[in-house]
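In: predicted model, plus sequence, below.
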Amino acid sequence: MRQPLVHRALPLAFGCLAGLAVVSFTACGDRGRQDAKPSESPKAPESAAQLAAFQYADHDLLGELELGQTADPTFESVASYLPGLKKPREAVGVKHHPNEIGVAPDAALEISEDASVPENPQAYFEVGEPAVRYGAAPSGCRKSLVEAAPVVASVFELGGVLYRQTVFGYSAGLSPDAPLVAFVELRAESRSADVRQTKVRLHIGPGNAATIVRTWDLTLSPGVAAAVHVRIPFDGPDRGWTEIDASAFEKSKREVLDSWKKDLGSGTALRTPEERVNEARRAWLAFASLDVDKRGGILEPHDGAGFYEQVYGYSAALYAHALDLWGRPEEAREILDSLLTFQAPDGVFASHFGTPDTGALLFAMCEHFTLTADTAWLKRVAPNMMRMAAWITGKRRESMTPADAPRTSTYGLIKFRPYCDSMEPAYDYFGDTYCATGLEKTARALAAVGLAEDAARIALEAKAYRRDILVSMDMAAFESGGLNVLPLEPETHRILKDSKGRASDYYSLIASCMLESEFLPAADERAGWVMRFLEEKGGLRLGMCEFGGGIDHAYTYGYWLDCLKLDRVKEAILGFYGSLAYGMSRETYSGVEVTRLFTGDNEPTLPHLYSCTQQLRLLRMMLVQEDGDRLWLGRALPSHWLAGEAVTEIRNAPTAFGPVSFVIHPHPGQSRTEVELWPPARRATQAILLRLRDPGRRMIVDVKVNGEAIRTFTGDTIELRSPTEHLDIAVTYR
């Protein structure tokens with residue numbers, strides 16, 4: 001089994017390039033930084049030296065280049081700078097099955113619980129004469145998903161023959177309790193008008209030592225494909241494989257595709273003008289569910305499939321939140337209930353991660369209640385929540401010095417394992433802010449279900465905890481180079497020292513995670529210190545968290561969330577498309593943990609649960625976001641989605657106010673947009689803010705709601721005050 005996170009063992013792909021001239025640009029776009037000044041327009045790097053300068057510059061030069069454009073970032077514009085992932089990997093299988101089958105970059109099948117062990121079984125084809133391994137360099141193979149489900153197709157051309165492999169996972173009744181098998185089809189088609197012969201060899205066994213178990217001689221008539229079909233069991237693949245006929249393969253494939261279509265079609269419905277986004281969202285839901293293993297009736301969200309086969313409490317809890325945000329409350333509840341089985345007798349929930357686990361689980365449980373109003377469930381799990389609160393309270397007491405002693409920067413903080421890549425106990429703001437937020441939300445949730453005495457007690461503790469953290473931050477912060485710097489571990493400054501005083505590497509990741517807890521309001525000066533430090537001292541690359549000369553995109557969610565709250569929407573859009581372009585495979589949307597951004601090299605940590613989770617959360621917040629008693633719709637909707645006649649539609653999106661649905665139908669040639677809105681009805685909003693970001697930057701001049709004119713609009717945003725019934729909205733631009 002590997003280390004909990006790949007970071008610990010990562011060999012940095014690039015050394016420090018001291019001495020290279022770093023191109024200097026000031027901030028571009030609408031970032032809202034006080035020091036942003038107009039400057040000469042930056043240009044994309046044109047040489048290796050310039051590329052290295054961009055890679056190690058303090059500012060996010062490529063990000064500023066993109067944000068400096070008049071138009072919003074698009075996938076095409078962001079993806080044009082650098083190469084995509086060189087080594088895409090997917091998983092196929094049955095939802096919540098304890099086993100998964102990895103699809104390697106060359107489309108070989110990894111048939112084991114740990115794909116990193118070379119001796120573990122693989123299955124792959126060789127084709128042609130002389131034999132060449134399917135998917136081999138230099139051409140490799142190109143992969144895609146069939147019907148946006150985890151059914152992986154790939155193509156490989158050799159000697160005038162086009163080969164296509166399709167693979168999916170299957171079990172009897174598609175049950176997670178039945179044995180898993182892989183179904184594989186290899187089709188061959190001549191690219192010429194002549195009849196041709198080719199050989200296909202199936203290898204099964206330990207890695208590159210896999211032996212040939214069958215050879216086929218195929219005759220290829222013009223325009224007619226020949227195919228072989230095999231069934232390979234996860235347990236005993238070299239002994240139990242069998243050849244099957246085409247009809248058996250197609251029947252099982254159809255069953256699998258129909259099942260995924262039904263599953264991925266449940267919950268909140270999303271349709272955008274960008275098919276890439278529609279497919280990606282379905283893929284993130286599917287791949288994430290394959291990372292969840294059902295064992296003994298318990299759902300275990302693992303960070304990977306064939307790697308990271310452990311439950312990392314922090315990311316597992318946030319996955320439940322992503323499910324709730326996309327209208328899958330039953331599944332989220334089952335995940336949360338499963339995670340509670342890992343709670344220790346003293347109340348702590350810490351599963352292979354650290355201090356943030358307890359706070360993140362409280363956060364996710366409270367958000368589940370907020371989005372579902374499931375009072376019966378909350379009352380059932382309230383004792384678990386109170387035990388977690390008691391653990392936090394008791395752990396805080398350990399650092400409280402006597403009243404007559406000088407106050408330290410660690411007073412009232414928790415000393416525990418910060419996170420899985422640093423297991424030495426330490427005080428850290430990532431864990432403390434999550435635990436404090438968890439207490440605050442727990443107090444409000446318990447009060448809402450009538451547990452007033454417990455709620456009041458926890459609320460007082462949360463208030464004191466907040467005060468202690470803020471005092472600590474103010475004591476620990478210091479000025480350096482004109483920036484206020486917040487060390488993430490106030491006693492040791494370890495993370496800051498490890499990053500040599502910059503906002504890169506682990507500082508970037510952990511700082512953004514701290515912002516993600518929402519302990520600090522986005523407008524708080526302390527959050528501003530962190531954001532500015534990330535922006536000006538090497539913490540971001542193309543709008544994503546820098547790590548090891550590349551990126552670890554999913555950890556940027558906290559930064560993106562604060563950008564949205566500050567209405568810096570272009571940064572969130574840049575992060576969204578940057579993640580699509582560099583944080584996952586561009587055709588199969590399989591998210592990775594670490595990308596060597598400037599070369600396209602990537603770690604084998606994909607599909608990665610945390611990546612799927614954070615992408616789902618970001619997309620939801622771009623389109624539907626609570627803001628106190630107000631609800632934003634389309635806050636960061638990419639403006640190019642309104643450039644044509646295609647609609648953007650969301651149905652039954654859970655919110656703190658109840659489910660909301662809307663359809664945006666632009667008519668750009670007629671300078672108008674039509675919107676249908678079904679507002680939430682469970683709890684009244686103060687207002688719904690509907691943003692229509694016209695690509696031509698035209699402002700709204702007229703709004704009619706159910707045929708009556710209203711004047712509550714400014715720029716591109718319409719304020720609808722406490723709507724409760726279906727609205728037809730007609731908007732005119734100039």
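Out: Looks like it came in fine. Residues are numbered from 1 along each chain as shown.
In: use CA for all of it now, contacts and neighbours both
Out: OK.
In: which residues in the stretch 251-400 of the chain form strands?
Out: Using DSSP state E, counting those that start in this stretch, the strands found in the stretch 251-400 of the chain span residues 269-271, 292-295, 298-301.
In: tell me the most buried of the ones you listed?
Out: strand 298-301 (a mean of 22; mean count of other CA atoms under 10 Å).
In: pipe the strands of the stretch 251-400 of the chain into a markdown table and attach mean pLDDT and distance to Gly644 per row.
Out: Formatted as a markdown table, those follow (pLDDT from 0 to 100; distance: least, CA to CA, whole Å):
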| stretch | mean pLDDT | distance to Gly644 |
| --- | --- | --- |
| strand 269-271 | 98 | 14 |
| strand 292-295 | 97 | 39 |
| strand 298-301 | 98 | 40 |
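In: JSON lines for the ones you listed, including distance to Tyr308?
Out: As requested, these are arranged in JSON lines below (distance: least, CA to CA, whole Å):
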{"stretch": "strand 269-271", "distance to Tyr308": "30"}
{"stretch": "strand 292-295", "distance to Tyr308": "11"}
{"stretch": "strand 298-301", "distance to Tyr308": "10"}
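In: nearest to Glu243, out of those?
Out: Each of the strands of the stretch 251-400 of the chain has some distance to Glu243 by CA to CA; the shortest is strand 292-295, at 28.5 Å.
In: what is the closest one packed up against?
Out: strand 298-301 (3 or more CA pairs under 8 Å, 6 or more residues apart in numbering; DSSP states H and E).
In: what about the strand it packs on, distance to the chain center?
Out: Here the centre of strand 298-301 is set off from its chain's centre by 19 Å, with CA atoms, centre = their mean, to the nearest Å.
In: pull the residues that contact that strand.
Out: Identification of contacts with strand 298-301 by CA atoms under 8 Å, 6 or more residues apart in numbering yields 96, 291-294, 310-312, 316, 319, 334-335, 338-339, 609.
In: these, buried ones only, as a PyMOL selection?
Out: In PyMOL, a selection of the buried entries from those looks like this (16 or more other CA atoms under 10 Å):
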select buried, resi 96+291+292+293+294+310+311+312+316+319+335+338+339+609
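In: of the contacts of strand 298-301, which pair is most distant in space?
Out: So, these by CA to CA: farthest apart are Gln310 and Glu334, at 17.6 Å.
In: measure the residue lying closest to Phe657 once chain neighbours are set aside to Val213 for me?
Out: With CA to CA, 6 or more residues apart in numbering as the criterion, Phe657 has its nearest non-adjacent residue at 4.6 Å, and that residue is Arg683. Distance, Arg683 to Val213, using CA to CA, to the nearest Å: 63 Å.
In: hmm, Ala108 is touching Glu126, no?
Out: No: using CA atoms under 8 Å, Ala108 makes no contact with Glu126, being 10.3 Å away.
In: among the contacts of strand 298-301, which are in helices?
Out: Among those, the members falling in helices (DSSP state H) are 316, 319, 334-335, 338-339, 609.
In: ok, of the residues you listed, which one's closest to Ala554?
Out: Closest approach to Ala554 among those (CA to CA): Leu609, at 9.9 Å.
In: dump the residue contacts of Gln614.
Out: Gln614 neighbours (CA under 8 Å, 6+ apart): 322, 554-555, 557.
In: can you rerun that using 6 Å?
Out: Listed by CA atoms under 6 Å, 6 or more residues apart in numbering, the contact partners of Gln614 are Ala554.
In: using the three-state scheme, assign it.
Out: Recorded secondary structure, Gln614: helix (DSSP: H, G, I helix; E, B strand; the rest coil).
In: how about the one 4 residues further on?
Out: State at Leu618, reduced to three classes by three-state DSSP: helix.
In: quick one: the spatially closest residue to Val701 that is not a sequence neighbour from Val703, how far?
Out: Leaving aside its chain neighbours, Val701 sits nearest to Tyr733 (5.4 Å; criterion: CA to CA, 6+ apart). Taking CA to CA as the measure, Tyr733 falls 9 Å from Val703.
In: what do you get for Leu597?
Out: Distance of Leu597 to Val703, given as CA to CA: 45 Å.
In: same question for Glu110.
Out: Look at Glu110 and Val703: by CA to CA, they are 57 Å apart.
In: between these two, which is the more surrounded one?
Out: The neighbour comparison of Glu110 against Val703 (other CA atoms under 10 Å) goes to Glu110, with 25 against 22.
In: the strands of the stretch 251-400 of the chain: which one's closest to Gly240?
Out: Of these, nearest to Gly240 by CA to CA is strand 292-295, at 23.5 Å.
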